[in-house]
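Engineer: With the input below, show me the fold.
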Amino acid sequence: MAKTVALVPSYQPDAHLIEVLESLSKLGMEEVVVDDGSGMGYRPLFDLAPAGTTLISYVNNCGKGVALKVGLKYIQEHYPSDTIVVTVDGDGQHAAVDAERCAEMAAENPATLVLGCRTFDAEGIPWRSRAGNLITRFVFRLTSGKYVSDTQTGLRAFSAGLISTFLDVGGERYEYEMNVLLACAEDSVDFAEVPIQTIYMDDNERSHFHPVRDSFLIYRNILKFVGSSFLSFLVDYGLFGLLTVVLAPVGAASVIASNVLARVASATFNYTLNRRYVFRSDEGVSTTAPRYAMLAASILAVNTLLLWLLVDVVGVQALVAKLCVELTLFAVNWVAQNRIVFRGKER
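Structural biologist: Numbering: from 1, shown residues only. Purely as a prediction, here's the structure:
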C-alpha cells in the first residue's frame, strides 16, 4: 500500500492526543499535527508526540477548516500524489484500527473519498450528536441528492491527488467538512463508507463545536434560502390576498388570476434575492434568468393546479389552501434552484 499520512488538527488538546498519535504511529503511519492556535501552555503536550511527527503551529485559533487546509497544503508540498491521507480527530473518538481500514479502502479506490461512519442508533450517544447528524444528513441529501450516513465524521481517507480539490473548498471552521462533501457531490467524486466504532469521550463535552455559530455556518445557505423564500412568500401572499378582493367581481377565475399575478411579482423579487445573496451565482442574468423562469413557470403550473383542486374541488378556504401549497413545494424549489438554476462553478 502507498505511504499513509495521518493529518490531525488539534486545538487545546488533552492527553488523548498523545494516545491517538502513538496508536497511529504503531501502525506505521506518518503524522502531521496542526496546532490550531492552542497557545504556549499546550506546547509541552505537543512535545510528547512520537518521534518523526511533523508539528505545524500558528498563534491564532482559526478553526478546524483552516487547520485541515494548512495540513493538506503541507502534505501536498512534501509527499507524492499517491500518498493516502487520513484525517483523524485528536480527542480519542477515532480508533487507530478504523483509520487504518479507511486508509486501505482509499488506497484501493484512489478517486474516492472514504468516510468512517458511526452508528447513531446505539446507546450512549449524546442527543446533540444524534440530532446534528440527522439534520445535516437531511440537508446534504436535499442539497446534493446523495446519501451519506454520517456527514459529520472527521475520519476521512483519500488520495493526495484530491488535495487540490479540497483546498479550493471554502469554509474556516466546522462547516468546511460539510462543504467538502458538497464539493465532492458537485464534482462527481465518489463516496465510500467504512463502518467504525462509535466513541464519545465524556458525553462529547470536550468538543469545540459551537452550537449556534457553527450550526449557522453549516446551514447558512439553506437558512438564507428560507429567509428569502419567506420574504417572497410575504410578497406573494400579501398580493394574493389583495388581488382576490380586487378581482372578486370576476368570479371563480379571480383565484387563478390573483395567484398568477402575485407569483410573477414574487418570483421576480425572489430571483433577485437568490442570485445575489443566497447562491451568489457567478453566472450572468442571461444564463440564470431563463432557467429560473422555466422553473418558476413549472412551479406556478403545479401551484395553480393544486390550489384549484383544494379550493374549487375540495372546498378549502383560499388563504389556507395557498399556505398548504407553498409549504409543499418549498423543498422542490430549493433543490431545483440549488442544483439547476444557480449552479455556477464558483459556488
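Engineer: does Phe191 have beta-bridge partners, and which?
Structural biologist: Beta-bridge partners recorded for Phe191 (DSSP bridges): Leu113.
Engineer: neighbours around it, how many?
Structural biologist: When counting by other C-beta atoms under 10 Å, one arrives at 17 neighbours for Phe191. Every residue, glycine included, has its C-beta placed from N, CA and C.
Engineer: residues contacting it?
Structural biologist: Phe191 makes contact with 112-115, 146, 148, 181, 184, according to C-beta atoms under 8 Å, 6 or more residues apart in numbering.
Engineer: now, which of the residues you listed sits nearest Gln337?
Structural biologist: Using C-beta to C-beta, the shortest approach to Gln337 within the contacts of Phe191 belongs to Lys146, at 17.7 Å.
Engineer: returning to that earlier point: which among the contacts of Phe191 end up buried?
Structural biologist: 112-115, 148, 181, 184 (16 or more other C-beta atoms under 10 Å).
Engineer: Distance check, His16 against Thr272.
Structural biologist: His16 sits 50 Å away from Thr272, going by C-beta to C-beta, to the nearest Å.
Engineer: Which stretches in the stretch 151-300 of the chain count as strands?
Structural biologist: Here the stretch 151-300 of the chain has its strands, by DSSP state E, counting those that start in this stretch, at 156-159, 190-195.
Engineer: State the separation between the longest one and the centre of the chain it belongs to.
Structural biologist: Computed by C-alpha atoms, centre = their mean, to the nearest Å, the separation of strand 190-195 from the middle of its chain amounts to 17 Å.
Engineer: can you check the shortest one too?
Structural biologist: The offset between the C-alpha centroid of strand 156-159 and the centroid of the whole chain comes to 18 Å, using C-alpha atoms, centre = their mean.
Engineer: So which elements touch it?
Structural biologist: Packing partners of strand 156-159 (3 or more C-beta pairs under 8 Å, 6 or more residues apart in numbering; DSSP states H and E): strand 84-87, helix 96-108, strand 112-117.
Engineer: Now that strand - C-alpha only, PDB.
Structural biologist: Backbone C-alpha positions of strand 156-159 (Å, rounded to 0.1, in the frame of the first residue of the first chain) are rendered in PDB as follows:
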ATOM      1  CA  ARG A 156     -11.900  10.500   6.200                       C
ATOM      2  CA  ALA A 157      -9.300   9.000   3.900                       C
ATOM      3  CA  PHE A 158      -8.400   9.900   0.300                       C
ATOM      4  CA  SER A 159      -5.500  10.000  -2.100                       C
END
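Engineer: mean confidence score for that strand?
Structural biologist: Mean pLDDT, strand 156-159: 96.
Engineer: quick one: contacts of it?
Structural biologist: Contacts to strand 156-159, defined as C-beta under 8 Å, 6+ apart, come from residues 2, 81-87, 99, 102-103, 105-107, 110-116, 166, 177.
Engineer: quick one, domains of the chain?
Structural biologist: The chain breaks down by automatic domain parsing into domains covering 4-209, 220-341.
Engineer: if you compare those, which one is most tucked away?
Structural biologist: Neighbour counts (mean count of other C-beta atoms under 10 Å) averaged over each of the domains of the chain peak at domain 4-209, with a mean of 18.
Engineer: Could you name the helices and strands sitting against the host helix or strand of Ala301?
Structural biologist: Per DSSP states H and E, Ala301 falls inside helix 285-308. If you count contacts as 3+ C-beta pairs under 8 Å, 6+ apart, helix 285-308 packs onto helix 253-273, helix 318-336.
Engineer: just to revisit the earlier point, out of the helices and strands packed on strand 156-159, which is closest to Pro50?
Structural biologist: In terms of C-beta to C-beta, the element of these nearest to Pro50 is helix 96-108, at 12.2 Å.
Engineer: what stretches of the protein score poorly on pLDDT?
Structural biologist: Low-confidence segments of the chain (pLDDT under 70): 1, 120-132, 142-144, 199-223, 343-347.
Engineer: Just put the helices and strands packed on helix 285-308 in CSV and tack on distance to Leu243.
Structural biologist: Output for the helices and strands packed on helix 285-308, formatted as CSV (distance: least, C-beta to C-beta, whole Å):
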stretch, distance to Leu243
helix 253-273, 4
helix 318-336, 11
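Engineer: Minimum distance to Ala301: which of these has it?
Structural biologist: For these, the distance to Ala301 is smallest for helix 253-273, at 10.0 Å, taking C-beta to C-beta.
Engineer: pull the CA atoms of that closest one into PDB?
Structural biologist: Output of helix 253-273 as PDB, limited to C-alpha atoms (Å, rounded to 0.1, in the frame of the first residue of the first chain):
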ATOM      1  CA  ALA A 253     -61.400  33.000 -12.200                       C
ATOM      2  CA  SER A 254     -60.300  35.500  -9.600                       C
ATOM      3  CA  VAL A 255     -58.400  32.900  -7.600                       C
ATOM      4  CA  ILE A 256     -56.300  31.700 -10.500                       C
ATOM      5  CA  ALA A 257     -55.700  35.300 -11.900                       C
ATOM      6  CA  SER A 258     -54.700  36.500  -8.400                       C
ATOM      7  CA  ASN A 259     -52.300  33.600  -8.000                       C
ATOM      8  CA  VAL A 260     -50.600  34.100 -11.300                       C
ATOM      9  CA  LEU A 261     -50.200  37.900 -10.900                       C
ATOM     10  CA  ALA A 262     -48.900  37.500  -7.300                       C
ATOM     11  CA  ARG A 263     -46.500  34.800  -8.300                       C
ATOM     12  CA  VAL A 264     -45.000  36.800 -11.200                       C
ATOM     13  CA  ALA A 265     -44.200  39.700  -8.800                       C
ATOM     14  CA  SER A 266     -42.900  37.500  -6.000                       C
ATOM     15  CA  ALA A 267     -40.800  35.400  -8.400                       C
ATOM     16  CA  THR A 268     -39.000  38.500  -9.800                       C
ATOM     17  CA  PHE A 269     -38.300  39.500  -6.200                       C
ATOM     18  CA  ASN A 270     -37.100  36.000  -5.200                       C
ATOM     19  CA  TYR A 271     -34.900  35.600  -8.300                       C
ATOM     20  CA  THR A 272     -33.000  38.800  -7.400                       C
ATOM     21  CA  LEU A 273     -32.500  37.900  -3.800                       C
END
